[in-house]
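Q: here is a sequence together with a model predicted from it:
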Amino acid sequence: MAEHSCTRLRVEYLESPLGLGVSAPRFSWRMDTTEPGVVQTGYEIEVREASSGLLLWGKERRDTGASVHIVYGGAPLSSNSVYDWRVRTWSSLGDEPSEWSGGRFETGLLQASDWQARWVEPVQVPTTVERWSLFDWVMGRQPDGSIIDRLRPTQLLRQRFVLEAPVLRARLYATARGIYEAQVNGMPADDQVLAPGFDSYEQRTSVQCYDITAALRAGENILALTLADGWWAGRIGLTGSSAQWGDSTAAIWQLEIDYTNGDHAVFASDDTVRSAVGPHEYADLFIGERFDRRAIIEGWSAPGFDDSEWSAVTVLGDDLSMLASFYGEPVRRVADLQPIDVSGNQDSGFIVDFGQVITGRVRLVMPQLPAGTMVSLEHTEVLDPQGAWFVNIEGINKEQTDVYIAAGLPGGEVYEPSFTFHGFRYVRITGLTAAPTNENVRGIVLGSDLETAGSIHTSDARLNKLHQNAVWSQRGNFLSIPTDCPQRERAGWSGDIQVFAPSATNNAHVASFLTRWLHNLRADQLPDGRVPIYSPRSPFDRTQAQTGEGLGAIVAAAGWSDAIVIVPWVLYERYADQRVLEENYEAMLAWVDYQARTAASEVPAELEDASLNEQRRKNQALLYNTGDHFGDWLAPSTLLDRPFHEAIGIAPQLTSEIIAPMFQIRSLQLLGHIARVLGRPSEADAFDVRRSNIRAAFIDEYVKSDGRLTCDLQGPYVLALAFDVIPNELRASTAAHLARLISENGNRLDTGFVSVPYLLDVLHDAGYSELATRVLWQSESPSWLYEVDHGATTMWESWDAVAADGTARTVSMNHYAFGCVDDWLFRRVAGVEPVLPGYREFSVAPDFSVGLQDVQAHIDSLYGLIEIAWSRNESTATLELTVPPNARAHIRIEGAEETLASGFHVRNIGLQDIPLATRCGSLT
Ligand code: RAM
């Protein structure tokens, strides 16, 4: 008999999560079968309390094909508890259900009242705080000379507890203000790093849950934490200032112990905790750490150590409502690279090249060194054209240097920093007498430990490299939160992730990672509805914005704040995640209402004194077209012929007024869709009406009768077409103007951050696919392949970050924003795009004329693996497609459509009318 089974069981996207903080977790599974054409026809699910076997939720068979995000509907779950769940399904194969498949999950401390622990603060080493704005630097201003350095040692915390009986299950719940590493009896509690991660700490501080059962022993046990400044107290963000959340570090933890005899014990951070200064003279995310190996206190984290000389901690009475179970995947060491080259010498330092711009740090194995030897590791992303050391990140606080002081250990010493990370490809090591071997110096890549989701490989090596560069920028900037870059600001810029989110979903399973970031973004939303331009946003940033000027005063911005609508929508499209829409719905409303109120009360400066007729007054009252924004940020032509700090203000000046209302229109359009998905049709209708009124006003004010826009730059045209702002009868002429601008620019793009994601789609859809192909294959700057040809291993912040002669600019080499083209490669080159959320149904419509001979791609959807491979010659293409069970594909080629059920399919397609290539390159 034909068989099927349920595989890849997930709870909130994770396999057997610990410490889950969700009161109604969602269950997903996949159908596994070798039979083609199979769909699920029903399922039965059960959730039981693991210890008692008590059934909490048992459903009769439900006759449905739904297999993802099935919401728990049983009795309320308790804190710190273990649950078993199992599922079986019926399929179109027959009446027999599958075997049961089982999984497990555990809840965390769900209520503030579950906490018996208190925050404990180690003795604080007195510090001074440096406050200086990166924008001062960007704007070409000098700091006023009052920069005060503030560096502080790590701190050690130690608590003794005695176990009276054998332990069945032990969970440690812990978090910190700062970053921490936990140890139990001298052993790491687990392999995550940089815990608790980056949060809007005041509103929510993530709590980690560790299974420490195996580390415990009868009698005396020690829980030990090493605490460093991290995001809370160290330098971070736009301003590069330290102590943005607080100047004192602290930690809180609670150990929940189930003994085998059925008893339960709790050990919580309190006044029994002892503290001492740690071996790092300082440890900062930006500056790096200085670690004195001689200062390690041997045995401090294990039982038997005498801590009577250590200091008491201060127990804080703070309320604990900000404590929230960590959601998603922690930061870990995700790869280990060996160098491709080591050059230099003892005097100038050895320069190690890892061949790849990464985010992480170095692990260095050193020979025996005299005690006190100082070994320093400086990091940079690029060298100068002659191969000499060059630092591409300017500004104070961006030293990215780790210093190790050797202890003179007989067998040599190993160093990997613990409380910092850097953005780099090259490391300069001084203090060693001989070059390290490839085995002895490794690039340790850090990032949120997300599962890989997809791949694309084509017959063109440069396109493959472009894809790889986007993947590496994703890896490097998906570290706890989605950041702009991993070496300079390391901030959760909302505009950057808004444009990159679709690409991100193809490369990794990012739903929980971005959901967690959205928790923070919402927490940071202002009471008036403004969504900040980055999140987490510190209390210091809040005060800073009040006194800032120009770009430095921006709190919310078109295309950045709209991330609150766009990112959840992307997660819905790619993962069928309805909850993320529900969770963010109120925040979306508050944002579009803020836009509406601002529109009603402000007009652009040049109209302030103008006497507008009735219609124009009405138009202006609808359009969100005032205030400072980043506009089509870094649009290439606006950056020419001026110093960078002046140039970056030009795109905002030229494009903000026209772009802001287009994002207003886009957010309302998506809200219409979202309200419908959430079963709120009348709200959806109201959004549609609002949108069409604003659209009409926009057309009146900004679209000329020949289809031109009042701002004749590529970006606004792209957005106007992508967001359906142009009246149907003018679309062709508007598209023609865009095409004209591109060809006048030598078939090169001139789009900035917020328009570039739509450029190739817009051209394609308007009948300019040949031009889209030319832009894709363009190798003169600005273009994607220029970066590839000039040695990029990640996506650059500026298209010309490295000049034709190899001279590098002082900009970030690792900014994923322009990597948004990666989504186009999946959707149009491989040709796979979701039709129903989560790829339950997807279209297959490859662009056979893109200039490639073959393409292979896969996307690991929630339903299973989608695989596509196509190859072509002059007259025919062969397409091989795997459709996962319970999903369907619609092949759409040249106006013909064929619907395919699950299984493996091969099609031969005649391509007489589709030329092989319009690309400006040679096939490789
Ligand atoms: C830069 C950031 C980011 C961008 C903002 C406007 O400094 O790196 O990429 O979103 O400014």
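A: Right, received. Where do you want to start?

Q: let's see the pLDDT reported for residue 531.
A: Looking at residue 531, its pLDDT reads 98.

Q: what's the answer for residue 580, then?
A: For residue 580, the pLDDT comes out at 98.

Q: kindly report the same for residue 674.
A: Value listed for residue 674 in the pLDDT field: 99.

Q: which SS class is it?
A: Assigned state for residue 674: helix (three-state reduction, DSSP: H, G, I helix; E, B strand; the rest coil).

Q: isn't it up against residue 565?
A: Yes - the pair residue 674 / residue 565 is scored as a contact, 7.5 Å apart, by Cβ atoms under 8 Å. C-beta coordinates here come from the backbone N, C-alpha and C atoms, glycine included.

Q: run through the protein and note the low-pLDDT ranges.
A: For the chain, the stretches with pLDDT under 70 are 1-2, 126-150, 395-398, 915-924.

Q: how about 80 then?
A: 1-2, 59, 125-151, 238-240, 394-398, 544, 547-552, 912-924 (pLDDT under 80).

Q: and it, split by domain according to the record?
A: 5-106, 112-327, 334-448, 491-830, 839-910 (automatic domain parsing).

Q: quick one, which of these is nearest to residue 465?
A: Residue 465 sits nearest to domain 491-830 of all the domains of the chain, at 4.8 Å, using Cβ to Cβ.

Q: next, count neighbours for the residue in the stretch 601-750 of the chain that the ligand sits nearest to.
A: For the stretch 601-750 of the chain, the residue closest to the ligand is residue 630, as judged by Cβ to the nearest ligand atom, at 4.6 Å. When neighbours are defined as other Cβ atoms under 10 Å, residue 630 has 25 of them.

Q: for residue 261, same thing?
A: Residue 261 has 9 neighbours, counted by other Cβ under 10 Å.

Q: that one is in what secondary structure piece?
A: Using DSSP states H and E, residue 261 sits within no helix or strand.

Q: repeat for residue 823
A: Judged by DSSP H and E, residue 823 forms part of helix 821-824.

Q: look up phi and psi at residue 370.
A: Here is the backbone geometry of residue 370 (degrees, to the nearest 10): phi -60, psi 140.

Q: so what secondary structure elements neighbour the helix holding residue 823?
A: helix 461-477, helix 494-507, helix 759-765 (3 or more Cβ pairs under 8 Å, 6 or more residues apart in numbering; DSSP states H and E).

Q: and those as a markdown table, adding distance to the ligand?
A: Converted to a markdown table, the helices and strands packed on helix 821-824 look like this (distance: least, Cβ to the nearest ligand atom, whole Å):
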| stretch | distance to the ligand |
| --- | --- |
| helix 461-477 | 10 |
| helix 494-507 | 5 |
| helix 759-765 | 18 |
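
Q: let's have the ones you listed in CSV, adding mean neighbour count.
A: Shown next, in CSV, are the helices and strands packed on helix 821-824 (neighbours: other Cβ atoms under 10 Å):
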stretch, mean neighbour count
helix 461-477, 23
helix 494-507, 27
helix 759-765, 22
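
Q: format the ones you listed as JSON lines; extra columns: distance to residue 384.
A: Formatted as JSON lines, the helices and strands packed on helix 821-824 follow (distance: least, Cβ to Cβ, whole Å):
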{"stretch": "helix 461-477", "distance to residue 384": "21"}
{"stretch": "helix 494-507", "distance to residue 384": "27"}
{"stretch": "helix 759-765", "distance to residue 384": "32"}
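
Q: gap between stretch 516-532 and the chain center?
A: Remark: stretch 516-532 is offset 16 Å from the chain centroid, using Cα atoms, centre = their mean, to the nearest Å.
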